[in-house]
Every structure is written in C-alpha cells, then in structure tokens.
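*Asks:* Just need the structure, nothing else, for what follows:
(chains A, B, C and D)
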Number of protein chains: 2
Amino acid sequence: MAGIKDVAARAGVSAATVSRVLNSHPSVSAEARTRVLAAVETLGYRPNAVARSLRTAQTRTLGLVISDVLNPYFTELARFVEEEARALGYSVIIGNADERPELQDHHIRTLIDRRIDGLLVSPADGGSPLMRDVALSGTPMVFVDRWIPGVDVPVVRADGTGAVRDLVAHLHGLGHRRLAIIAGPAATTTGNERVEAFRDALRKLGLALPDTYIGQGDFQAASGRRATERFLALAEPPEVVFAADNLMALGALDAIRARGLRVPDDIALAAFDDIPWFVHTDPPITAIAQPTADLARAAVRALADRIEGRTPQSVTLPARLVARRSCGEAAPNQRSDR
Amino acid sequence: MAGIKDVAARAGVSAATVSRVLNSHPSVSAEARTRVLAAVETLGYRPNAVARSLRTAQTRTLGLVISDVLNPYFTELARFVEEEARALGYSVIIGNADERPELQDHHIRTLIDRRIDGLLVSPADGGSPLMRDVALSGTPMVFVDRWIPGVDVPVVRADGTGAVRDLVAHLHGLGHRRLAIIAGPAATTTGNERVEAFRDALRKLGLALPDTYIGQGDFQAASGRRATERFLALAEPPEVVFAADNLMALGALDAIRARGLRVPDDIALAAFDDIPWFVHTDPPITAIAQPTADLARAAVRALADRIEGRTPQSVTLPARLVARRSCGEAAPNQRSDR
DNA sequence: CGACGCGTTGGAATCGATTACACGGACGAT
DNA sequence: ATCGTCCGTGTAATCGATTCCAACGCGTCG
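*Replies:* Sure thing, here's the model as predicted:
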C-alpha cells in the first residue's frame, strides 16, 4: 500500500508538501498541488488513518455504547447516530452491552484504548465505577436515553411524562380503570421514570397503582411474559397492561395469547417505544413513540460540541402517544364518538 | 493520560522493558515484572492502541459491512459476529450500507483507511469496482450471506434450496397450487438464488412459475407491499405469497390486510429469514430460518484464518423450514392428518 | 583464568503521518 | 543597491508504542 513518501517521490516534492496539499494548507504553489494530486490519483494513495491519529491525537471517531442491539429502538438510534456523525465527519463504533454491565465496561475500555474522540452512552446499569472514571477523566461524553444521576454529563433524552398522561387519559376514556405496568430495571433511569409518570397520571385521575399491578421486568421479552402471567393469575387481573419497553410488550402479548385471551377484548396492551413491527401485530399496538432521529441528531451534535470546544447542552424532547387498536375502540383520531 | 514512559519511569526501567512485560515476552526478570505491573496498576496505564497499531501494522479489528441494520436478520448476524470476534480477540466495526452502493463504498473506504485487519461483507449490490479492488489488493476478506460471483473470496452462507423444497412441499400438501414469490434485487446472489430454488421446487411437483407470479422487490417492506398489491389485482391471484426476505413479508402482510383479506384463510404467506417477530404476528408466519449464529461464527473464523495465515474455507450451512400457521392447517409437526 | 553463553536490559530505529522552524529566492520599498 | 517581507518548500522532531541489536553481568566450563 502506497505511503506518503511514495506520493512525494512521484510528485518530486517532500512529504511535508504532500501533507499540506492533502490538508488544504494555504501555502502550496498551484503547480506543486496539481503534481501531488496527480500522484495521489495514479497511486491510489489513501492516508493511513492510524498514523494520522497518532500524530494529531484525534481519531474523528465516536463510540456508541448501547444496551441491546437486538432492541429495534436502539438499532434505529444507532442508525441515526451514524448518519448524523457521518454528516459531521465522524465515524461511529458501536458497542453492544447486551444489558450486561461487564460487557458494557469491556466496550468502554476498548473504545478508550482506541482513543475515540467522544463517547455516547446509554448506560445498561446504574453506571459502573469505570464509567464514572471516564466521565471524570475528561473524555467527552454524552448520555442518550438513559443516564446516571450525579454524573456531570449532558443528557439527551425523550420526556415521556406528557405522553404517558395522554395514554392514561386515552385508556381512562375507553373505560379502563385497572391499569398495570411492567417496569424496567430499577437501576436504569428510564425504568423508574416511566413508572413514576404512570403513577402520577393515574393519581391525577383518582386511580391507584397497587404494588401487585407493578411487574418487575428487565427490558427483555421473557420478563414481560413472566410479569404478565403473574398479573393474569391475580384474583382481580388488570384491564390494561402497559409495558415500559417494546420487548416486554411482546412478552406480554405472548402470555396473553397463551392464556387464550384476546387483545383488546379481554385485556388491553400498550408499550413504551414505538417500532415498525407494532403496526403489523394483530392488533396493532398502541405505543409511545420517541423522536429517535431527533434524539440521535441532538446527541451527536452535543458530543461534537463538547469535542470541538463548544459548550454542549442537555436536550429533552417530548415523546408522543400513537394510539392503535390494542386498547380498544378503533381509529387513532376519534375519541369518545357519542 | 499516562504513557509507557511514565510507567517506565515509575518502575525504574526502560520503556522497552515495560513493553516486554505487557506483551509477556519471556526474558524479563520476575522482579522487573512485578515493579512494572505495580506501576501499571497505580497509574491506571492503558496502552495506546493507535500507537501500537501503527508500529505492529495490525489493529485487531474486523470490519463488517452489512446491507441494512434495520433488518433484524443482519442485526442478529452483527451481534453474533461481534461475539465470536471478541472471543478471538478482535473488535468489530460495523458499517451499514442501507442497501445503497455508494454508502457501502464509503464504509469500505473508511474501514480500509483505518487499516482493519479484515473485512466481512454482505454486498448490497453486485459489487462495486472498489470492492473488487479491495479483494484483489490482498486485504483479507470474507463474504457472508451474499457474495459476488467471480471474485475469489471465501463465502459463508446458508443454502436455502432444501428448505425451499420443504416449504413448497408443505404448501403443496396443504392443497396450494398457485404459488407466487417476491424476489430480491437481481444484483444480489441471494435474490436470484431463492427464486431459482423456488422455481425448481415447483417444477419437481409439476407446477409452473409464471412471470406474473414473480414480483420484483428490493428487500425493503414497501416493495413487498407493491408486489403483493399487484398479485392481488391479478385475474387469478396466487394462493400463496413467498417473500424472499422478512421485510418484504411484512409489506405483503400489510397489503393483504389492506385488502381486507385474511391469512391464511384467503391467502397464505411465507418468508425467507426467520425473525423473533414472526412468532408474534397474527398469524405466526411460516419462515425459512438461517442458522445465523453458526454463519456468524464460521465467517469470523474464516476471516481470522485468512488473517492469521491459515487457509480459510467457504462454508455452506443448510437453512430449515419453520412451519407456522400463516399457510394454513395447524401445528408445525403434523403434516397431512388423514 | 579466560572465554563463552545466557538471561536481562537499555538505546535507538521504526511505523506514517503532521507541523514548527529555517532557509532560499523574489519582490517592493527606501 | 540594500534590506525586509512574504511565499513556498524541505528538514527534522514528534506522537506512543514495538523490536532489533549491542552490551552487560554473572555463572560455568575448558
């Protein structure tokens, strides 16, 4: 593979001049420039990013650590993150933590070792000591979706409280009174937050959220099934199950079907995180949609700001309710039609 | 951030010795080793992967270029690839081509610039000139799932012909005679292959595959919908639609529902690529499952073989039919019950 | 007692770029 | 004619590791 010296030799200049041309430094004669460019062309020269990074102490690379690639929400996030990063001239390396803290640490360490310019993280657990260290050490960092309280790092996330309130109102309007929730892990901010928003919304309508109507989940399908089975075994089972993420909603759907019940006739179902598949299930599932693309863009921009010396800002965007048929009634837009 | 010199100074040895300790070179005294290790510990030293890569001319990194991250099949593949690579001491950088040739080239170029040790590709199109160049240039490379004919690179893939035959037999057994297929892009090997396998299987049963029963798709949901609408508008619409990938199957499902038809009563549906969601649609969708985890493992191992000087081998694993309810009848295991 | 060998160690070159600094030449001003 | 400026360019240092080679100390053997 041709190096900068080969180009220099062929163009009859020094390596310094080649470098200057390639980095569009002003003081290069037009003549030298064309000769260099020609040499680059014929040799098919591509600068060695490793050498360049060593010298310049920047890799133009962002690390993205997500909790679970198999979750469509994160996949989508990753896709938009890469898109925006590319637009800003960065590459992205994705680390999938699989909801396992030690894997998360592994990826963080690897990314730091590669001297990525900045880190985008959606913490799988409450945050390892390693992550705190990294944040403290001055590595540019931004949290997306989930975050760690007490760590001074910008957070880009969706606020679901309004949408949860809308959802609860929607359910209430359909006549449902006994509402249950499958929560996420207590260690994640999103886990707690969604439960609290749900509880608040219920209270405002004069409804209670008994402990038996709070299922413990871990954002994986199996936990959604278990929690739902427990709900259904109750003497007075809920009329609605609200899953705090899409995977658990799927598990819930399974459990409901396994019992021979039907959605929404026998029990209603709703989920946090809207994903393309929810349109195709039967019935289509009512969900709270996050503005994934906007979140991704905001997160990347915040990180780029931090890296390039500007002051990054935390961003909170509203999530919104997408009513479908899994809670009863019919169309998204018509509420009580009498 | 502490460098090797800092460690050397603190341990009272030279940088060379520190390096030897870290790379477990034999000739280091036990005493020096413990001092170095202690210094590494207290300083929290982590070797700079960039510098190391420059010197050793290897990055211990694999590039994975896939056609569409949003397709669960590829997401799953990526996950297993990373898993196996990690087990072998490699990191993985994923490039998502979004089924766009120019994006694919962008990622390939970026990955080469970073001097990844090897490249795993599932070509989005028939293969760009760039990709041929890279393959020819000696960069270790392995194709997964899709490949480019005429390029001498090992291929790791699933053979669907057996499973397609089983599927056709299954459908035939259920009394279906008019079978249609939604094909993938002609430029991809998997696109053609699946159509041919389908056609052959039909022929063996004395059935024809008229051109009107071949829909042109591009592996995206929208194309599946369009093709299916065309099928349904036919004077004699097919009794079965077989989609060559999971996204197009979803599009087909939409089109069928939009027409007010029911699966499988009015029309049957099957898909290539089994994904977790197919269990949750209504009805669950019959699919041909690829051994994704095994494919990923085999691909990574082949690439590692190539990189580390061993001789890599092409691998073909059989796909298998997973019969569900979308084609009629009931359970997976019982065939004609009379 | 000297030579040899072996285990350890440090010095210095190297990987492929970027960039501070110096130098030579052209040109305008005085 | 002389000096200063500015432009274009090359030389060399540098980034942080790895690794070849030489040297050194020490024990052993002839």
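*Asks:* Please report phi then psi for the single nearest residue of the stretch 151-300 of chain A relative to chain B.
*Replies:* Nearest to chain B, among the residues of the stretch 151-300 of chain A, is A:Asp282, at 3.0 Å (C-beta to the nearest C-beta). C-beta coordinates here come from the backbone N, C-alpha and C atoms, glycine included. For A:Asp282, the backbone dihedrals are phi -120, psi 110 (criterion: degrees, to the nearest 10).
*Asks:* How about A:Pro101?
*Replies:* In terms of degrees, to the nearest 10, the main-chain angles of A:Pro101 are phi -50, psi -40.
*Asks:* Now do the contacts for the residue nearest to it when sequence neighbours are not counted.
*Replies:* Computed as C-beta to C-beta, 6 or more residues apart in numbering or on different chains, the closest residue to A:Pro101 that is not its neighbour in sequence is A:Asp125, at 4.5 Å. Contact criterion C-beta atoms under 8 Å, 6 or more residues apart in numbering or on different chains gives A:Pro101, A:Gln104, A:Pro185, A:Ala187, A:Thr188 as the residues in contact with A:Asp125.
*Asks:* Dihedrals phi and psi, A:Asp125?
*Replies:* The phi/psi pair for A:Asp125 (degrees, to the nearest 10) reads phi -120, psi -160.
*Asks:* if we can go back for a sec, residues near the residue of the stretch 151-300 of chain A closest to chain B, how many?
*Replies:* The local packing count at A:Asp282 equals 17, with neighbours defined by other C-beta atoms under 10 Å in any protein chain shown.
*Asks:* State the distance from the nearest residue to it once chain neighbours are set aside to A:Phe278.
*Replies:* Counting by C-beta to C-beta, 6+ apart, A:Asp282 lies nearest to B:Asp282, which is 3.0 Å off, once chain neighbours are set aside. Note on B:Asp282: its distance to A:Phe278, by C-beta to C-beta, to the nearest Å, is 13 Å.
*Asks:* For stretch A:149-162, what is the distance to the chain centroid?
*Replies:* Remark: stretch A:149-162 is offset 12 Å from the chain centroid, using C-alpha atoms, centre = their mean, to the nearest Å.
*Asks:* meant to ask about stretch A:237-249
*Replies:* Distance of stretch A:237-249 from its chain centroid, counting by C-alpha atoms, centre = their mean, is 20 Å.
*Asks:* What of stretch A:34-46?
*Replies:* Centre-to-centre, stretch A:34-46 and its host chain are 41 Å apart (C-alpha atoms, centre = their mean).
*Asks:* That one near DNA strand D at all?
*Replies:* No - contact between stretch A:34-46 and DNA strand D is absent, the nearest approach being 8.5 Å (criterion: C-beta under 7 Å from any atom of the strand).
*Asks:* Can you get me a residue count around A:Thr42?
*Replies:* Number of residues near A:Thr42 (other C-beta under 10 Å) recorded here: 12.
*Asks:* so it touches A:Arg10, yeah?
*Replies:* Yes - between A:Thr42 and A:Arg10 there is a contact at 7.3 Å, judged by C-beta atoms under 8 Å.
*Asks:* just the strands in the stretch 51-200 of chain A please.
*Replies:* A:61-66, A:91-96, A:118-121, A:141-144, A:155-159, A:179-183 (DSSP state E, counting those that start in this stretch).
*Asks:* just so I know, which of these lies nearest DNA strand D?
*Replies:* Across the strands of the stretch 51-200 of chain A, DNA strand D has its closest neighbour in strand A:61-66 (16.3 Å, C-beta to the nearest atom of the strand).
*Asks:* which other helices and strands contact the closest one?
*Replies:* The criterion is 3 or more C-beta pairs under 8 Å, 6 or more residues apart in numbering or on different chains; DSSP states H and E, and the helices and strands that strand A:61-66 contacts are helix A:72-87, strand A:91-96, helix A:101-113, strand A:118-121.
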